[in-house]
Structure formats: structure tokens, C-alpha cells
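> Predicted coordinates and the sequence they were generated for:
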Amino acid sequence: MSKERFIAAKEAWAQKQVARGVRPREVRSEDRLPPGQKLTTNFPVLDLGIQPELPLAEWTLTVDGEVAQPTTFDWAQFNALPQVEDTSDFHCVTTWSRYDCRWTGVPFTALYEAVQPTAQARFVYFTGYDGYSTNVPLEACLDDDVLLATHFDGQPITREHGAPVRVIIPKLYAWKGAKFVKGVHFLADDKLGFWEVRGYSNGADPWKEERYA
Ligand SMILES: Nc1nc2c(c(=O)[nH]1)N[C@H]1C(S)=C(S)[C@@H](COP(=O)(O)O)O[C@H]1N2
Ligand SMILES: [Mo]
């Protein structure tokens, strides 16, 4: 399937959800599974039909915008940043959740400290090598479970899951975490990403079922 047709099909699906009036529930789930989600033990792959091949020798991550130290990291420089491991649950808006995903990588806060955002920075706009983008309030990125992950369950992240580096923001639906991350742009004003301009909620809180705007 061509990229355009694939995206069109995904958009149609999202439109249908909006048309059906998929709305947050009245009562918030009390357990670990957010409302409207089903637990899965496998790991589905969601992408735009492109899984870019990114040799580590050519890979870079550019961090710029409202920062004192705009920086383009190569693979070695990126891996020289502090590392953490964090286990978290993964919630996709298409209703599957996966528990206990063990990620290793650079905490977002380490990147933040490296580039020194200005007082104007309030939003983060992430881009991927596949043309993807998504936007998140800066405050949400500063949680200690937010990572630019290089490893999943102790192994380098596979290509289909976003190699070599993907963003993980466990408290939001997974579309807010860019796979194949290429750029992290600190912004004063919010700028909607790929799915956000196509009707997905900008809030994306699974516990509030913020699926579609
Ligand atoms: N670059 C990029 N990142 C992306 C996506 C994408 O299509 N491209 N899809 C998002 C969506 S909708 C989800 S649910 C997760 C899926 O991650 P997975 O394929 O590892 O399950 O990645 C998110 N990040
Ligand atoms: Mo998703």
C-alpha cells in the first residue's frame, strides 16, 4: 500500500471513531488498565508505512528552538548523556495496552539540561525520520518516566519499533512518543503534530480517554 493510501485509511478509521461519538467514560477505571483499553501481551507495530533504515554512523538528533545551546548529537554524543532504565505501561489509542515495558535510554531531563531551554520554552515538538511529528507540553516531558529510549527489554530497539531512538511518554497515549526520532524542538507556542492535526486529542491522557478532539 502506498504511504498516502495507508494514511488515508488510518484517517478514515479515526474519523469513524469521531463520528461514532467515542467519548470519555463517566467513571474512571480504578485499576491499571485505562478505560476502554484491552490488555495485550504482544507488541503491535503502528507506523506510517515507513520504517526508515538509519545507520548509527549517519544518525543525528537535532535539539533546537527556544534553547541556549542548540545541539546536534551524533550517536556517540547522544549515548554519552546520562542513562536510565524505566519500566512503564504502554497505551495505544487504538485500544491496546501493554504492561511492563522496560526501556533504557536518555531521560528527557538530561537532554533538557544539555540544551538549556529558555524561559520562553513551554512546548516540545518532536519529529521522526519517517515524516512523523507530535507535540507535548514541556511540563509533561519533564516527568521522570519520559525517555529517549535506545533499548527495550535490554535489547536495542528494533527497526519496526522505532530504532535507533524513540520517545516514551508513559502517561500519554503512545502516539505522543515519536519513533525514529530526528528532532526535538522547544517552542514558545504549541504546534500540532501529525495526528493532532488529523483529529486526535491534543491532551492524550489515557485515564481521561482523551482520544479524539
Ligand atoms: N515516527 C513515528 N512515531 C510513532 C508513530 C509513527 O507512525 N511514526 N506511531 C505512533 C503510534 S500511533 C503508536 S501507538 C506508537 C506505536 O509504537 P509501536 O509500533 O512500537 O507499537 O508509536 C507512535 N510513534
Ligand atoms: Mo497509536
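Cool, got the structure. Just so you know, these numbers come straight off a predicted model, no measurement behind them. Numbering: from 1, shown residues only. Ligands and ions are numbered 1, 2, ... in the order given.
> Please count neighbours and contacts with C-alpha atoms only from this point.
Fine.
> From what I see, Ile157 and Ala163 are in contact.
Yes - contact status for Ile157 versus Ala163: in contact at 5.2 Å, counting by CA atoms under 8 Å.
> hey, what's in contact with both of these two?
Thr150 (CA atoms under 8 Å, 6 or more residues apart in numbering).
> so what's the residue in the chain positioned nearest to ligand 2 up against?
Nearest residue of the chain to ligand 2 (CA to the ion) works out as Cys92 at 4.3 Å. Shown in contact with Cys92 (CA under 8 Å, 6+ apart): Tyr173, Ala174, Trp175.
> which of the residues you listed lies closest to ligand 1?
Ranked by distance to ligand 1 (CA to the nearest ligand atom), the contacts of Cys92 are led by Trp175 at 3.7 Å.
> State the phi and psi torsions of the nearest residue to the closest one once chain neighbours are set aside.
Computed as CA to CA, 6 or more residues apart in numbering, the closest residue to Trp175 that is not its neighbour in sequence is Cys92, at 6.9 Å. Main-chain torsions, Cys92, degrees, to the nearest 10: phi -100, psi 140.
> next one: Arg102
According to degrees, to the nearest 10, Arg102 has phi -100, psi 110.
> which SS state does the residue nearest to it when sequence neighbours are not counted fall under?
Excluding its sequence neighbours, the residue lying closest to Arg102 (CA to CA, 6+ apart) is Thr87, at 4.2 Å. Secondary structure assignment for Thr87 (DSSP: H, G, I helix; E, B strand; the rest coil): strand.
> who are the neighbours in contact with Thr87?
Thr87 neighbours (CA under 8 Å, 6+ apart): Asp100, Cys101, Arg102, Trp103.
> what residue is smack in the middle of the protein?
Central residue of the chain (CA atoms, centre = their mean): Gly177, 0.3 Å from the mean position.
> can you pull the contacts of that one?
Contacts for Gly177 (CA under 8 Å, 6+ apart) come out as Thr134, Arg166, Val167, Ile168, Ile169.
> If we use 10 Å, what do you get?
126-128, 133-136, 146-148, 166-170 (CA atoms under 10 Å, 6 or more residues apart in numbering).
> Equivalent analysis for Pro170, please.
Residues near Pro170 by CA under 10 Å, 6+ apart: 86-91, 101, 143, 145-147, 176-177, 205-206.
> What of Tyr173?
By CA under 10 Å, 6+ apart, the residues touching Tyr173 are 90-95, 97, 201, 203-207, 209-211.
> Tell me if His151 really is in a strand.
Yes - per three-state DSSP, His151 lies within a strand segment.
> Return the residues in contact with it.
Counting by CA under 10 Å, 6+ apart, the residues that His151 touches are Glu85, Arg102, Trp103, Thr104, Gly105, Ile157, Thr158, Ala163, Pro164, Val165, Arg166.
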